[in-house]
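what's the 3D shape of this:
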Amino acid sequence: MSVFNFLALAVAAIGSYLLLFKYWPLGPAAGSELKHIARVGQPTGDSFIIGTYNIHRSRGTDGRRDLNRIAEVIKDCDIVGLQEVEGSTWRGLNNQAYTLSEKLDCAVHFAPTRRRCLLPNRGNALLTRIPVEHWHREPLLPTTGRGYRNLTRYEVSMNGKTVHVLNTHLSHPDRQRHPFEQVLDVFEQYDHAILLGDFNVEVGHECLDRLQTFAVQDAAGLAGGPPGRVDWLLVRGLKIIDAWHTPTGPSDHPFYAARVSF
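So this is what the prediction gives:
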């Protein structure tokens, strides 16, 4: 084999590896379009149900993947933020957020954190039955390894009023403080806001001290659940009517939800 042919094969092998196996972070994006937008409408009352769920790519504690179980848990939500959502892959798997939206007949926005094989590979998602006027996705930096993170903010219109819903999945804030501070900077901007997601930090950690500087209610804390909680549902400028949780099983995380109103 000539040197030229060897170099060509080496370049092709490296290119194939980068294309098929390397994870590429995604930059910021914004827009107003959601999939299945015709399936949304205004709630009939003054309250709505908001939820957060790390679905662990639909893998339950029994090791089985089953989106039907996830759909059953979140079916009553008007808005639910999801984390660890599998996107389309070269193995032929369908985007889990889109599949759930079809099962539940609601609108959906997928907010991928990374790309693989030219496809949005994994990230967070929002399912909603209430109109979203605008969304904005921004990466959270710095990050390490292939666990890229982002924050997506949604401007939700409800009977002439606006609430901002923020969905994120953080790497351990005690090791990477700046991304969490970035999230709190955004949350603090809005009078009526809900911050939800997997923070990878438990109640009482010092990185949460800043929450005491502005009026925030911990709906996930009111919902009860097992000790060592890392999932959060923080409410600002809204009234919490009720809160509850569903234990692990369909995912390795509990599901948390609350009914809130202006």
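
how about the helices in this protein?
3-20, 67-74, 96-104, 177-187, 219-222 (DSSP state H).

so how far is the fourth one from its chain's centroid?
When C-alpha coordinates are averaged (CA atoms, centre = their mean, to the nearest Å), helix 177-187 and its chain have centres 15 Å apart.

and it, which residues are buried?
179, 180, 182, 183, 184, 186, 187 (16 or more other CB atoms under 10 Å). (Each C-beta comes from the backbone N, C-alpha and C, glycine too.)

ok, back up a step: I'd like to know which of the helices of the chain has the weakest mean confidence.
When the helices of the chain are ranked by mean pLDDT, helix 3-20 comes last with a mean of 50.

who touches residue 169 in this structure?
54, 83, 84, 113, 124, 149, 197, 198, 200 (CB atoms under 8 Å, 6 or more residues apart in numbering).

Take these and keep only those in strands.
54, 83, 84, 113, 124, 197, 198 (DSSP state E).

so who does the first one touch?
Taking CB under 8 Å, 6+ apart as the criterion, residue 54 is in contact with 82, 83, 84, 169, 197, 198, 231, 251, 252, 253.

Report the beta-bridge partners for the most centrally placed residue in the chain.
What sits nearest the mean C-alpha location of the chain, by CA atoms, centre = their mean, is residue 124, with 3.3 Å. According to DSSP bridges, the partner residues bridging residue 124 are residue 111.

Correct me if wrong: it contacts residue 149.
No. Contact between residue 124 and residue 149 fails when scored by CB atoms under 8 Å: they sit 9.0 Å apart.

Now list whatever residues contact both of these two.
Shared contacts of residue 124 and residue 149, counting by CB under 8 Å, 6+ apart, come down to 113, 168, 169.
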